[in-house]
Structure formats: C-alpha cells, structure tokens
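**Student:** Sequence and predicted structure below; questions after.
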Amino acid sequence: MRKINEIDYEVRSGEEIKIEVTPRNFLNNLPSVQTVLDKNKLPNSGTVDTPKFEFKVTKPFNDTHNVIMEFRFFDGTPSNACYDVAISGENDEGCPCGLQVCKADQTREVAIGFDVLLPEN
Amino acid sequence: MKKSLSLYLAVSLILLNSLVCVAQTENPCDSLRRDIQRVEQMDITKLSPSLREIYKESLLKLYRQFANCLDGEIAASSEMQVKVKGTAAAHAVETRIVSLRAEKADLEKKTLILEIALNMKDATQAQDVSAERSAKIETPKVEPAATSPSSVVSAAVSPVIVNNGSNGMPSNNDTAQPAATTVADTAPSSAPTVPVSTQLPAQCSDLIPGTTAYGDPPKLLIDIVNRQAADVVQSNDSLRAVRDVPQMAAYTIFDAASAKSSQLLHSLEPYQYLGETARTDKQLGGPPKSDGAVSGIEKPGFAQLLGLAIEHGGITKENDGTNLTLSTSLYSLYAMGEGDTAENYQKAGFLNRIGLAATFAVDNKTNELANARRNNLSEWSAKVRLFGDRSTRSAKFQTFFKDKIEPAVISRLETLGVSIESLQGGLKSYVEIQRLSRRCLPVFVADRMKQDDYLKATDADKQAIIATLILSHLRANYFDRVQRENGELKLSPEQIAQIENDLLPRLRSALANLVKADADLKKELDDLSKGPLATFAYRNFRIPNGSDYSETKFLFEQDKGLFRPLKLVGNVGLSFYNKPDPLLNQKRLRDISGALSFEGSSKSPFTEAENQSRITYAFVGSYQRLFENRRLADRKPDIAAFQFVMEIPFIRGLSLPLSATYANATEEERKNHVRFNFGMRLDTDKLFELLKAASNR
C-alpha cells in the first residue's frame, strides 16, 4: 500500500488491508464506528473498544474501493475524545497511515479511497 | 463502410497535415494541439476493429509528435526564463513552463494508455509508470498563488482522457469535451468568482479549478461542505476538505442528472448524527453542607473526569466562589499512566467505579489553585458506585444500539455505497475524476488558504471562502460535466431513471428510517439516564476550631418510579468523630441523618434553540439527630429542614441556582430560621457544545 494522503491510498490487487480504530478519552461512554466497503457493511472483527475492519482488494486495476466510516460521539463523551484510525496493508510506503476523527471535528464521516494502481506481486 | 472510409481519410489528412505543419508559419504545437483535439472528438464506436487500430496508431503518432514539440517549447521557455530572470516578464514565462509541463505530463498518460491498447507496453510497465506518477503527487509543490481572476488556468489544453477498460481507448464520452476553460468561459459576469492559482501539480490539470458559484446546492450537500470547511479552518488543514468526496460527488451528480432528481434531492433534509444533542445536566460542586452549596441533598453520581482534565493532570475543578472542589476518579489516575483508551477503561474494571474529591475554602480569589493547600482543606470524600449503570456502555444499551439503531446507520451508508458503485460502474470518467478530487482539491484549498484575503478574514468568512471553493469545484468537475453536451459524466436515460426511481428513493427511505431511529435512541438514552443508581460515600470533614469527623452515606436515585414525573433522591447516613471531645459532649457517634428529595424539570424560555437545558426544581426534606446537642438548653438534637431548590439555565452555559430553606434549628443554635442562597454557575463543557452547535449552522 502506498499513501497518497490520509484518505487516499494506492493498493495492489489481492492485498489485505487492515483498518484499526483506537478510541481515546471516552471514559464510560460507548465508542461506536460503522463501516461500509463499497456497498456492503464491513463487519468489526475487533471489539467495541478496539474496532478492526479488514478486507482484501478484489477490484481490477485502475478501479477504486471506497470505505465509508461513520464515527459516533454520544452525549456526555468528553470534548477531547478522539478515534485514532490506523490503516495498513502490505509493504507499506509513506506510513504510518491513517487519520484522526475527534469530537471537536464537525465531519464525523470519512470516505477513504483505495485505488488499485500498484502492480501485482 | 462509406462512413468508415471517410473517417479513415479524415485521420489520414489530419496526420498528414500535422507532418507538414512544421513548415508552416503557425506555431507547430498549436497546430498539433488542435489536430489532436479533432481526432479525439471523433466517434469511433461504429468503426470496425481494423479501423480502430489505425485510429489508435494515428493518434499515438500525433501524441508523440506533440510530445517532441512540447519538449522543444519547454526547452525554449526555460532558456527564455534564464534571460528574463528578475524582469517583469519572469512570472509569465514561469507560468508558461508550468503549464507546458502539466500538458506534457497529461500527454504522457494518454500515450501510455494507447501504447497498452496497441500492445506496445504491458500493464505492469504501465502500473510502474502510474505508481511513479502517483508518488510524485504525494507532496505536491504549491507555489504562491497568482490571484488574477482572468488568468487562463493550466488545464486549458488538457482534455480528460481515461482508460475505458475493454480496449484502453478514449471513447467519445471520455474525450469529447476538452477541459479548456478560462474564467471568462465559465463565469457569468454577476457570479462570484474564486481566485485560482495558475500553478498546479501535473495531474491536477485534469481537474477544472472551480471558478463559478454552485448556484442552488441541495441542503444535504451544503451541510457536508460546511462541516468540512469548518474543519479546514479549525485545523488549518486543507486535507479536511476531502474527507467525504464520494458523497459530495454523488449528490452533485444527482442534482445535475435531471430536474426530477434535483427536486428529489433538494427535498431531503441533512443527516443529523445520531446520539448527539446539547448536554442537559451535570452534577458537580461541593456537598450540601459546604457554605456555598444551595442544595440540601446529595446525589449519588460523582464527577467523571472530563477529557480536558486528563491533559491537565486528571483533575476536574469547580469553584463556586466560596469553595474550590477538585474531583477525580481512580480510573483517571490509571489513565494518566496507561492512556485513556476505551480498551483501558474496560481493563480498569473497579477503578472506574471510584470517585475522589477534595473541597478547599477559597480565600485567594486571583489564583484559585493557590487555595488547594492543607490549611484550606475543609473536606475530602470518596464515592463508590454500588449498582446502576447509566452509561452508554451498559450491556442493555449496547444490545439496544446493535439491534435497533446500527441497522439504520448501516442502511444509509450502504445506500451511499450503492450510489457510488453505480456511478463508478456506469460512468467511465467518474473513478478518475473522483480520484483527482481526493488528491488535488486539498492543493486548491491549500493554495486558497495562502491568499491575502483569506489570511485576513474572520473564521466565519474563512469557512465561507473554503465552502464556496469546494462547491465551485463540485460544480465545475461534476455538475457541469453531467449537464454539458458530450460531458465526461454525461448520464444515459437509463442511468437517470435509476437515480430518479431507485437511488434517490432508497436514500430518502434510509434517511427517514434514521429519523425514526433517532427518536428511539433519544428515548432509550432518556430512560438510561433515569435508571436506579446507588452509591456509597465516605466524607472526612476538617473543622478548624473543633473536632474533625467522618460521614458515611448511602445515596440512592430513582427516576422511573412511583413518583414520576418527579425524580426521587434519598440519602441515609451516619457520622462519627475521629477523636470525640468529652468536654463538648461528643461521643464516637456524631449523628444520624436522612434526606428525601423530589425533583422535576420544565423547559427553559431563556436558552438558545439548541440548548436543551431545562429548569430544574426540587423539594427537599431532611432530618438530622445530632447526639451532642442532647441535654443542652440552647441547642436542639433533632433538626428538620424543608427546602425549595431551583436552577434556571440561561444562554451560553450560564445558570442561576437558588434555594429557600426553612429549618427549626441549626447545629449550633436552637432557633428556627429561613435562609436564601443563590449563585451563578458557568458550565464550560456546555458552553463548548453550544458554540460548536452554533458554528454548525
């Protein structure tokens, strides 16, 4: 995987991509992240406290996988609560990769593009 | 056959023309540029395979000639750049070189596609080149912006051309509309314009920097754009402008698709994130016996460590003017070492059930933390939550959320995904344009953020500037490309029908389900906050001119009981002296006490629309048996009090707590009396939430 910017990555066909989320400063408030890959729900293979989303690049060369994530901050969550999102693939370039979504942000939804532009191994 | 032959001849003539053009007086590059444009605009869909091959070969030859020509121009311009260095002409020459290089990079990409189509280069090589090009984009160099609104942007000669998958050829749909654009071409004289830079990273030349106002964007789109613009300004990070490109692009295309789809989209309300409203209450402050307190009863909840407090030592402070209360929890101390992640919170287990607080008398008004010293310590306390979980972490709430709310949230995201997938599959240029938006829009935004008017603007104006830029980008690169005859994103009648009859109705349904889910969630959160809660409290009082004593209390709160809509709060406790003084008639057991409170609330007419704080009121009755007062003529051992407490919220997190108390005696005096207390409270957390909600609008 090669990082272009925090919401844009170039990947190769067949590559396994992992998106790991670390909620911080939530105290006794529930962290909650929902994720969709292209048009289907991407299940959380981690826990409520350490959400993890994984998928394999299946689209052909020059196409794009879109991962849309919605992050939630329930009422009462401290104002400095954040989700740290770490993205990894194989033979990563330009990483650590990922982004941060905080309660102070107004955009709670992030669409990450995975462009199938790297040559297959 | 006749048509094919004529096309064949046309290509040949153009090719021949381009071969001899060098001998003509016209700039050879201009001539080639025009020829390429003409060839690219030919409709090749009805050509036979052999003629298509000839077409590709001809176009490739033109591309290669044009590349050589551009190299010559770049070399000549570079030479000129050296000569005019330091003169007024330097900027124009530099701009020209950037423009030529962008055009050359674009040409290389198109050449590559044709070479693959003609089996002259395999895909692996192509990918290598692509990767190399992409790597260059990672840190695009953005020069200081040229702000002339009439300047021709660098994309002026750069048609969008993409691989159409099956044969790698640019189709009519892909290439017919060159992106040749000047501000004068696109901006109505009355329309507000956005200053554009003349120097852009190579691949970004395929995008049209937005120069015209969007016009009448749908509310859904405005909401997303405004949120992103606010984040750009707040974080000073241009990348925040592209966190939701596919959704913005899809809504723009739906808006442009047809009058019906536009009307449908405009009728949809923006999506409100579920589970977030302005906070309504918080229980902090000194215990009821402290001098500045207005309430005669103590609630079982204890201050959760606020997020900000962790960064400042894990302690929350509350100063009511008379007392300074510092609160923390054992978990917060644990989190200071381990980090406050949700995982650590779960690991901390029992620690997150224990709260600690210390109250100091305030005698230094200028430096409040200077009061936090041993001499000023009037009491300290610890509370342990025994039962009742009102947090969103409770198992019951998690099950509710997973079963009832999450499906609605996922349904909307999947609907968006289906729309985006449909556009990706149906419009050949969509993937490429969306990709370029993700990569290049931050560059445009960063460029804009360097301009003088932006730097001098207020935050609100900065947000408006960025929002206008994003909207104009969407207008130029998506809306106009859908609506233009032969536009790169031109939709077929079937695609328009799908948007009108399938995608938008699905989106409407998903959003309607979320409105219902939101109501269910609010009710569940309300119920959650009204469940039973019980706490054991230990408090140590330090009496400067008397005997220190300790108090233990069982605190209970029930909101969904017999007395609804009034909330029941009860305290039962006893206190004992650490070192009883026989001279003062003291025994080990100091007193037993009990208190009962019935609380209610009503809407406040004094708050902002988004502030859901309510006026709260309570009737409190308390009884205390103070054993040392027995057999003393001027004191009463049985002390009873009745109290009315009210807190009225005002704007900006300010509230006025007040109370009126009648008691038959005090601990020191056998005399009935009436006492009034009032104060002013500022909830900074609530203030923050309200400011955020206001800036959201």
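**Tutor:** Received it, and whenever you're ready, just let me know what you need. Residues are numbered from 1 along each chain as shown, chains lettered A, B, ... in the order given.
**Student:** Just want the most central residue of chain A.
**Tutor:** A:I19 (4.4 Å; CA atoms, centre = their mean).
**Student:** Now that one. Nearest residue, chain neighbours left out?
**Tutor:** A:F53 (4.4 Å; CB to CB, 6 or more residues apart in numbering or on different chains). Every residue, glycine included, has its C-beta placed from N, CA and C.
**Student:** quick one: which helix or strand includes the one you found?
**Tutor:** Assigned by DSSP states H and E, A:F53 falls within strand A:52-56.
**Student:** follow-up on the earlier one: and the gap between the residue nearest to A:I19 and B:L59?
**Tutor:** 43 Å (CB to CB, to the nearest Å).
**Student:** What's the end-to-end length of stretch A:51-59?
**Tutor:** 24 Å (CA to CA, to the nearest Å).
**Student:** what comes up buried for it?
**Tutor:** A:51, A:53-55, A:57, A:59 (16 or more other CB atoms under 10 Å in any protein chain shown).
**Student:** How about stretch B:319-336?
**Tutor:** Buried residues in stretch B:319-336, counted by 16+ other CB under 10 Å: B:319-320, B:323-336.
**Student:** Name the nearest of the residues you listed relative to chain A.
**Tutor:** Using CB to the nearest CB, B:Y331 comes nearest to chain A of those, at 7.5 Å.
**Student:** Tell me which other helices or strands the helix or strand containing that closest one touches.
**Tutor:** Using DSSP H and E, B:Y331 falls within helix B:330-338. Helix B:330-338 sits against helix B:307-311, helix B:342-348, strand B:354-361, with contacts defined as 3 or more CB pairs under 8 Å, 6 or more residues apart in numbering or on different chains; DSSP states H and E.
**Student:** ok now the strand holding A:F53, how far from the chain's centre?
**Tutor:** Centroid separation between strand A:52-56 and its chain, computed with CA atoms, centre = their mean, to the nearest Å, is 9 Å.
**Student:** so the residue of chain A found nearest chain B, which of the three states?
**Tutor:** As assessed by CB to the nearest CB, chain B sits closest to A:P78 within chain A, at 2.7 Å. Using DSSP: H, G, I helix; E, B strand; the rest coil, the structure places A:P78 in coil.
**Student:** What's the local residue count around it?
**Tutor:** 22 (other CB atoms under 10 Å in any protein chain shown).
**Student:** My read is that it contacts A:R24, right?
**Tutor:** No: applying CB atoms under 8 Å as the test, A:P78 and A:R24 come out as separate, 9.6 Å apart.
**Student:** B:R542 and chain A, how far apart?
**Tutor:** B:R542 is 30 Å from chain A, where distance means CB to the nearest CB, to the nearest Å.
**Student:** Repeat that for B:P493.
**Tutor:** Relative to chain A, B:P493 is positioned 23 Å away (CB to the nearest CB).
**Student:** Torsion angles phi and psi at that residue?
**Tutor:** Here is the backbone geometry of B:P493 (degrees, to the nearest 10): phi -60, psi -40.
**Student:** what's the pLDDT at it?
**Tutor:** Per-residue confidence (pLDDT) for B:P493: 93.
**Student:** The helix or strand harbouring A:R72 pairs with which strands, parallel or anti?
**Tutor:** Using DSSP H and E, A:R72 maps to strand A:64-73. Looking at strand A:64-73 with DSSP bridges, its partner strands are strand A:31-37 (antiparallel), strand A:109-118 (antiparallel).
**Student:** Quick one: work out the angle between that strand and strand A:52-56.
**Tutor:** Angle, strand A:64-73 to strand A:52-56, by axes from the mean of the first three to the mean of the last three CA atoms, to 10 degrees: 170 degrees.
**Student:** ok, residues contacting stretch B:386-393?
**Tutor:** Stretch B:386-393 has contacts (CB atoms under 8 Å, 6 or more residues apart in numbering or on different chains) with A:28-30, A:74, A:76, B:275, B:300-301, B:397-398, B:401, B:525, B:528-529, B:531-536, B:557.
**Student:** Mark which of those residues are buried, thanks.
**Tutor:** A:28-30, A:74, A:76, B:275, B:300-301, B:397, B:401, B:525, B:528-529, B:531-535, B:557.
**Student:** same question for stretch B:392-409, mean pLDDT?
**Tutor:** 90.
**Student:** now swap in stretch B:551-570 and tell me
**Tutor:** 83.
**Student:** right, is that stretch up against chain A?
**Tutor:** No: for stretch B:551-570, no contact with chain A is found by CB under 8 Å from any CB of the partner chain; the gap never falls below 15.9 Å.
**Student:** how deep is the residue nearest to B:D683 when sequence neighbours are not counted tucked in, by neighbour count?
**Tutor:** Closest residue to B:D683 apart from its sequence neighbours, by CB to CB, 6+ apart: B:G653 at 4.3 Å. Residues near B:G653, counting by other CB under 10 Å, number 22.
**Student:** wouldn't B:G653 be in contact with B:E608 here?
**Tutor:** No: using CB under 8 Å, B:G653 is not in contact with B:E608; the gap is 10.0 Å.
**Student:** Quick check: the gap between the residue located most distally from the centre of chain A and A:L30.
**Tutor:** Most distant from the centre of chain A: A:G76, at 24.6 Å, with distances by CA atoms, centre = their mean. Using CB to CB, A:G76 is found at 10 Å from A:L30.
**Student:** what does B:D320 give?
**Tutor:** On the measure of CB to CB, B:D320 and A:L30 end up 32 Å apart.
**Student:** quick revisit: which residues touch the residue nearest to A:I19?
**Tutor:** Contacts for A:F53 (CB under 8 Å, 6+ apart) come out as A:18-21, A:35, A:37, A:42-46, A:67, A:69.
**Student:** mind redoing it with 6 Å?
**Tutor:** Counting by CB atoms under 6 Å, 6 or more residues apart in numbering or on different chains, A:F53 makes contact with A:19, A:35, A:42.
**Student:** In a markdown table: the helices and strands packed on helix B:330-338, plus mean neighbour count.
**Tutor:** Listed next are these as a markdown table, based on neighbours: other CB atoms under 10 Å in any protein chain shown:
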| stretch | mean neighbour count |
| --- | --- |
| helix B:307-311 | 19 |
| helix B:342-348 | 20 |
| strand B:354-361 | 22 |
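**Student:** Please identify which of these is closest to chain A.
**Tutor:** helix B:307-311 (2.7 Å).
**Student:** Make TSV out of the helices and strands packed on helix B:330-338 and add distance to chain A and mean pLDDT.
**Tutor:** Formatted as TSV, the helices and strands packed on helix B:330-338 follow (distance: least, CB to the nearest CB, whole Å; pLDDT from 0 to 100):
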stretch	distance to chain A	mean pLDDT
helix B:307-311	3	39
helix B:342-348	4	74
strand B:354-361	12	85
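**Student:** so can I have a markdown table of the ones you listed showing distance to B:V569?
**Tutor:** Shown next, in a markdown table, are those (distance: least, CB to CB, whole Å):
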| stretch | distance to B:V569 |
| --- | --- |
| helix B:307-311 | 26 |
| helix B:342-348 | 27 |
| strand B:354-361 | 17 |
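**Student:** Spatially nearest residue to B:V445 (excluding sequence neighbours)?
**Tutor:** Nearest non-adjacent residue to B:V445 (CB to CB, 6+ apart): B:S238, at 3.9 Å.
**Student:** and what of B:R240?
**Tutor:** Once flanking residues are discounted, B:R240 sits nearest to B:D231: 3.9 Å by CB to CB, 6+ apart.
**Student:** looking at it, that neighbour is touching A:C102, isn't it?
**Tutor:** No: taking contacts as CB atoms under 6 Å, B:D231 lies outside contact range of A:C102: 9.6 Å.
**Student:** Pick out whichever of those two has more residues nearby.
**Tutor:** A direct count of neighbours by other CB under 10 Å for B:D231 and A:C102 places B:D231 higher, at 23 against 19.
**Student:** From the contact counts, what lies against the helix or strand where that one lies?
**Tutor:** According to DSSP H and E, B:D231 maps onto helix B:219-235. Secondary-structure packing of helix B:219-235 (3 or more CB pairs under 6 Å, 6 or more residues apart in numbering or on different chains; DSSP states H and E): helix B:245-257, helix B:459-474.
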